[in-house]
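Peer 1: A structural model of the following input is requested.
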Amino acid sequence: MESQVQWVLNNGPWSFDNLLLLLRRWERGMTVNKVTFTHCPLWVQVWGLPFDLFSEEVGQEIGRGLGRVVEVDWKGSNSDQARFLRIRVEIPLDKPLRRGSQIMNPEGDVVWVAFKYERMFSFCFKCGRIEHEAKLCEMPWDEEG
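Peer 2: Residues are numbered from 1 along each chain as shown. The predicted model follows:
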């Protein structure tokens with residue numbers, strides 16, 4: 001059913017054998033040589049955000065620094081229990097995942113916020129790449145950025 005296909009496409013990322021599994025809708029004329037995956041839609045949790053910056057606009061701005069913003073989930077941020085802001089972003093696969101970012105509030109104060117990637121099964125904590133884990137990374141620990 002179309003609704004089930006949409007659910008699968010919208011609720012990833014998925015994994016197989018603890019590796020990222022990217023899916024794409026079939027198109028007429030599609031061949032293995034024509035299929036490329038350049039982005040992966042992920043939910044990113046933003047931790048450490050000051051309460052006065054919990055808004056859809058701030059989520060959009062932070063998300064644009066990571067990739068193309070798909071959605072800002074701010075249902076949870078409307079509660080008194082909000083601990084993080086969620087942003088669904090199409091992350092470029094050729095760039096390292098970022099651990100966090102500095103943001104500035106309207107008064108000019110700078111604060112560090114941490115990013116947690118939901119359902120990210122394995123990626124390298126040394127270089128931030130999705131294609132391997134730290135134990136297989138060729139980057140020396142002292143070059144970590």
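Peer 1: residue contacts, the nearest residue to Leu22 once chain neighbours are set aside?
Peer 2: Closest residue in space to Leu22, ignoring its immediate chain neighbours: Phe37 at 4.7 Å, by Cβ to Cβ, 6 or more residues apart in numbering. All C-beta atoms are positioned from the backbone trio N, CA, C, and that covers glycine. Contacts for Phe37 (Cβ atoms under 8 Å, 6 or more residues apart in numbering) come out as Leu22, Arg24, Leu93.
Peer 1: go again using 10 Å as the cut-off
Peer 2: Listed by Cβ atoms under 10 Å, 6 or more residues apart in numbering, the contact set of Phe37 reads Leu20, Leu22, Leu23, Arg24, Leu93.
Peer 1: same check, this time on Arg68
Peer 2: Neighbouring residues of Arg68 by Cβ under 10 Å, 6+ apart: His39, Pro41, Arg88, Val89, Glu90, Ile91, Pro92.
Peer 1: in the sheet, who's paired with the second one?
Peer 2: Taking DSSP bridges as the rule, Pro41 bridges to Glu90.
Peer 1: does it touch Ile91 like I think?
Peer 2: Yes - in this structure, Pro41 is within contact of Ile91 by Cβ atoms under 10 Å, at 7.6 Å.
Peer 1: of those two, who's got more company?
Peer 2: Counted by other Cβ atoms under 10 Å, Pro41 and Ile91 do not tie: Ile91 has more neighbours, with 23 against 18.
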